[in-house]
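J.: need a structure here:
(2 chains)
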Number of protein chains: 2
Amino acid sequence: MPTLPQPTLVVRAVPAVTPFVAPEELARRAGRDSLLRLGANESAFGPSPRAIAAMRDAVALSSWYGDPESMELRAAIAERHACGVENIVIGSGIDDLMSLIVRTFCAPGDAALQTRGTYATWAYHVAAYGAELATADPTPAGAVVVDALLAQAAIVAPKVVYVANPDNPSGAFVAAAELTRLRAGLADDVLLVIDEAYADFVDPAALLPDVIDPRTIRLRTFSKAYGLAGARVGYAIAAAAFIEVFQKIRQHFGVNRTAQIGALAALEDEAFAQRVVAEVAVGRAAYAALGARLGCATLPSSTNFVCFEIGTRAQAESMVHTLLECGVFVRKPYAPPLDGFIRVTVGSAAERDRFAQIFSEALERVREKAAV
Amino acid sequence: MPTLPQPTLVVRAVPAVTPFVAPEELARRAGRDSLLRLGANESAFGPSPRAIAAMRDAVALSSWYGDPESMELRAAIAERHACGVENIVIGSGIDDLMSLIVRTFCAPGDAALQTRGTYATWAYHVAAYGAELATADPTPAGAVVVDALLAQAAIVAPKVVYVANPDNPSGAFVAAAELTRLRAGLADDVLLVIDEAYADFVDPAALLPDVIDPRTIRLRTFSKAYGLAGARVGYAIAAAAFIEVFQKIRQHFGVNRTAQIGALAALEDEAFAQRVVAEVAVGRAAYAALGARLGCATLPSSTNFVCFEIGTRAQAESMVHTLLECGVFVRKPYAPPLDGFIRVTVGSAAERDRFAQIFSEALERVREKAAV
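T.: You can find the predicted model right below:
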């Protein structure tokens, strides 16, 4: 007889892995009060002033629970995507919705397919529910290869296929026609999850049209272009039948009241979001120019971050550490072919200047070490 | 072959039940803009002004993710409970932590034991993970009976025993010595979960001492005495070994950044929380006096709500509907022996006056209907 309460077999088998170490923790380890935060793809341009004002007004009523049905916010989102409120569920960020999707569709041992190296939190939840991760090879630039996913799907018979589009950490974008081809090539009982966290940075005409496919779930967030990462608001767009299933098991009161109000106000200030998208495009171009100047290849990006090629995996890790020592927080892709790259969030103009300075010095140090 | 992606067997078997219909939804159904909110045990006295000020300052930085380790908040909580930060995990409310606990310890088919009629969200999560709910009888006043729990535990061999103390919806409090007797009577491999959501309204000397028991998890929240229900911050106090297991599967970024800052500020304003506790005690006494005046028995309560006896289950349901028609949101216990009661949150003095007026009129209507 065990002498203490034991977790389930599934939970016992989950490895002790934290997908991301936070900048606060990195700062603590480095003995610093703060860091230049270019590692978590937070918006350097903040939330809309209207969202900030709405949240400032809202906090005094924090003693009230938020609407567990998020009706006002869902109505505004449904209007944006030309669907019904019954096609929208709100979560405390896309991560929360990922957990809900894996839990709903993947029993222990079921296969979940993704491109190798994509957003780590999806794989984290796959492991945490005891499902089996299967991966398909990306392009040399880390992009999704539809044929590779289809070939793997034919082998592992996944319950769910996950695609981040635009992808994180590569920044690559797959054309809507390719995703349509992926969907058509998958069996009807395979769920396709399209993580569109960074889709606000893409020309809407290039995205999948706002049509509800009964075998596909799309995920969106207020964390990136809308600058509300700390608020924790994401949403899924799906068939009403799926939303009804989520309704049976989800956290009904999980989304902060002030955050719901802020997200609604952010959605109503589309002009602000468009200015952010334009500023991010300028910043991406500046990073590409910086990379060219320093002899560092950069990857094309459809997001608010850019990957810089450093060299070997060890050199890229050394660069992350060196930047941290200099007070700059960046992350790096964990898997080949991008494990020799670092991923840098588009900062404000001032942040980009500071980064350019520190990065060029750090690059010299890392290259000197490599030359020894 | 199914033509659509199917949820797991566990999720398919979960009944479509929403534990609580929110006041926003009730207002929509009643065609009203707002209701007098006395149904969700939200604090009528709001958050501390210091918490409000801290949150007002914080919202502008909503583009930053909150610290996923919540180190500052956990350190303050650990100091309050004389334990280490390794004994604390933060969730987006106690509901989130309940989900995490059931998921961690209950495989499908495992038994989870509670007192019949207690907080419905616990049973919601038990069902949502496919575990089997077992119940023990309460006292005629809805209070926990330790011997009944022990007798049921001997029969069903639960993985987890859940006790809300003080209890919701009864408001009853079980002495610490009784809980110690419960713990001693359970097998060593049975997890005891003590939901202390309302413990801030109890004299600390009457509570279980702040000692970490390796087989017990205690849950606390900022939603009640601290007036931060809409912020979504709760915590569990447990052995470090349990916290490490939660760390493997929890939502690391689930807690809103501004909420973490607000909770920390609330914790630093203990004088405010104590004034709230005192005002709530005054309000409870006023409700007891109101009940006596109207010939409605009330239950002794150690919380920020009071149960009024209305009559039969149908009469109590009629009262909830009648009050709703008059613009007042209350809830009622769903299970015998309290299903003939309504549960009313302690409002501010003005809210209590308004409630007293409307309730006395509604009581006449419900009694007239019963007399027909």
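
J.: CA atoms for contacts and neighbours, from now on please.
T.: Noted.

J.: Can you list the residue ranges for strands in chain A?
T.: Here chain A has its strands, by DSSP state E, at A:36-37, A:88-91, A:111-115, A:132-136, A:160-164, A:191-195, A:216-221, A:234-237, A:305-309, A:328-329, A:341-345.

J.: Could I get the contacting residues of residue A:166?
T.: By CA atoms under 8 Å, 6 or more residues apart in numbering or on different chains, residue A:166 lies in contact with A:172-174, A:196-199, A:302-303.

J.: Between which two of these is the distance greatest?
T.: A:174 and A:197 (13.9 Å; CA to CA).

J.: hey, what's in contact with both of those two?
T.: A:165-166.

J.: More neighbours: which of those two?
T.: residue A:197 (25 against 19; other CA atoms under 10 Å in any protein chain shown).

J.: In contact with the more buried one, which residues are there?
T.: Residue A:197 neighbours (CA under 8 Å, 6+ apart): A:94, A:164-166, A:219-221, A:223-224.

J.: Between the strands of chain A, which one is closest to chain B.
T.: Distances from chain B to each of the strands of chain A were compared by CA to the nearest CA, and the smallest falls on strand A:191-195, at 5.4 Å.

J.: Could I have the CA atoms of that closest one written out in CSV?
T.: Extracted in CSV, the C-alpha atoms of strand A:191-195 (Å, rounded to 0.1, in the frame of the first residue of the first chain):
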residue,chain,number,x,y,z
LEU,A,191,-9.2,17.0,-36.1
LEU,A,192,-7.1,19.8,-37.6
VAL,A,193,-6.1,22.6,-35.2
ILE,A,194,-4.8,25.7,-36.8
ASP,A,195,-3.1,28.0,-34.3
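
J.: Check which helices and strands it sits against.
T.: When contacts are defined as 3 or more CA pairs under 8 Å, 6 or more residues apart in numbering or on different chains; DSSP states H and E, strand A:191-195 packs onto strand A:160-164, strand A:216-221.

J.: and it, what's its mean pLDDT?
T.: What strand A:191-195 shows for mean pLDDT is 98.

J.: That strand vs strand A:160-164, what angle?
T.: 20 degrees (axes from the mean of the first three to the mean of the last three CA atoms, to 10 degrees).

J.: Measure how far strand A:191-195 is from the centre of its chain, please.
T.: 13 Å (CA atoms, centre = their mean, to the nearest Å).

J.: Now tell me what touches the lowest-mean-pLDDT helix or strand in chain A from outside.
T.: When the helices and strands of chain A are scored by mean pLDDT, DSSP states H and E, helix A:23-30 comes last with a mean of 90. The contact list for helix A:23-30 (CA under 8 Å, 6+ apart) reads A:33-35, A:37, A:39, A:324-325, A:329, B:67, B:69.

J.: Adding neighbour count as columns, could you present those in JSON lines?
T.: Shown next, in JSON lines, are those (neighbours: other CA atoms under 10 Å in any protein chain shown):
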{"residue": "A:33", "neighbour count": "9"}
{"residue": "A:34", "neighbour count": "15"}
{"residue": "A:35", "neighbour count": "20"}
{"residue": "A:37", "neighbour count": "22"}
{"residue": "A:39", "neighbour count": "21"}
{"residue": "A:324", "neighbour count": "21"}
{"residue": "A:325", "neighbour count": "17"}
{"residue": "A:329", "neighbour count": "25"}
{"residue": "B:67", "neighbour count": "22"}
{"residue": "B:69", "neighbour count": "19"}
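
J.: Would you reformat those as CSV and include pLDDT and distance to residue B:335?
T.: Putting these into CSV (pLDDT from 0 to 100; distance: CA to CA, whole Å) gives the following:
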residue, pLDDT, distance to residue B:335
A:33, 89, 53
A:34, 89, 52
A:35, 94, 54
A:37, 96, 52
A:39, 97, 51
A:324, 95, 57
A:325, 94, 60
A:329, 97, 54
B:67, 95, 40
B:69, 94, 39
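
J.: Tell me the one of those residues nearest residue B:239?
T.: Distance to residue B:239, by CA to CA, is smallest for residue B:69 among the contacts of helix A:23-30, at 16.8 Å.

J.: ok, that closest one touching residue B:252?
T.: Yes: applying CA atoms under 8 Å, one finds residue B:69 in contact with residue B:252, separated by 7.2 Å.

J.: Do the longest helix along chain A and chain B come into contact?
T.: Across chain A, the longest stretch assigned as helix under DSSP state H is helix A:270-294. No: using CA under 8 Å from any CA of the partner chain, we find that helix A:270-294 stays clear of chain B, coming within 12.4 Å at best.

J.: now what about that helix, what contacts it?
T.: Taking CA under 8 Å, 6+ apart as the rule, helix A:270-294 contacts A:45, A:48, A:200-201, A:225-226, A:266, A:297-298, A:301, A:304-306, A:308, A:346-349, A:352, A:356, A:360.

J.: Can you turn the buried part of those into a ChimeraX selection?
T.: Burial among these is assessed by 16 or more other CA atoms under 10 Å in any protein chain shown; the matching ChimeraX selection reads:
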select /A:45,48,200,201,225,226,266,297,298,301,304,305,306,308,346,347,348,352,356
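
J.: How about the stretch 201-350 of chain A: which residue is closest to chain B?
T.: residue A:230 (4.0 Å).

J.: Which parts of chain A are helices?
T.: A:9-12, A:23-30, A:49-58, A:71-80, A:94-105, A:120-128, A:146-156, A:176-185, A:240-249, A:257-267, A:270-294, A:313-325, A:349-371.
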